[in-house]
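Trainee: below are the sequence and a predicted model for it; my questions follow.
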Amino acid sequence: MSEYDIQPGAAIWASYLINGDGSGLVAKEIELADQWLEDNNIAFVVDICGDSYFSWSYGEYADPRFDPRLASDDANATYGGLLLDYEVERKDGEYDGQPDEMQEWHDFDPDC
């Protein structure tokens, strides 16, 4: 089992979060990734755990003002997209041995 916490996030951020290479992203995508780090109390991303997977809750990781595919007048609309489980070190440095905010529909791999 990993000594790091697991936090799901948008797959498109991987190079930026792990390698610091935001060259494939536009400024708004970098802003969203940075906000995700802050919102989840993440000091740094160590690696990814497993393969990307599809989620209907992708809208939590994207901004409808930025991505026209997500723009909708329906407040209850859901949006699909690819997520990754990132291995992260929290700012507080504490590891509780449990995946954080994992969704019911995604099987957690305890060997990550």
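Mentor: Structure's in. What do you need? Numbering: from 1, shown residues only.
Trainee: the lengthiest strand in the chain pairs with which strands, and in what direction?
Mentor: In the chain, with assignment by DSSP state E, the single longest strand is strand 42-55. Taking DSSP bridges as the criterion, strand 42-55 sits next to strand 81-90 (antiparallel) in its sheet.
Trainee: the strand it pairs with: which residues count as buried?
Mentor: 81, 83-88, 90 (16 or more other CB atoms under 10 Å). From N, CA and C alone the C-beta is placed, and that goes for glycine too.
Trainee: do the same with stretch 4-23
Mentor: Buried-residue list, stretch 4-23, by 16+ other CB under 10 Å: 4-14, 16-18, 22.
Trainee: cool, stretch 26-34 as well?
Mentor: So, applying 16+ other CB under 10 Å, buried residues of stretch 26-34: 29, 32-33.
Trainee: go on, stretch 34-41?
Mentor: For stretch 34-41, using 16+ other CB under 10 Å, the buried residues are 36-37, 40.
Trainee: and it, C-alpha only, in PDB?
Mentor: Listed next in PDB are the C-alpha coordinates belonging to stretch 34-41 (Å, rounded to 0.1, in the frame of the first residue of the first chain):
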ATOM      1  CA  ASP A  34      -4.000  25.000  -8.900                       C
ATOM      2  CA  GLN A  35      -7.400  25.500  -7.300                       C
ATOM      3  CA  TRP A  36      -7.800  21.700  -7.000                       C
ATOM      4  CA  LEU A  37      -4.500  21.500  -5.200                       C
ATOM      5  CA  GLU A  38      -5.600  24.300  -2.800                       C
ATOM      6  CA  ASP A  39      -9.100  22.900  -2.200                       C
ATOM      7  CA  ASN A  40      -7.700  19.500  -1.400                       C
ATOM      8  CA  ASN A  41      -4.900  20.600   0.900                       C
END
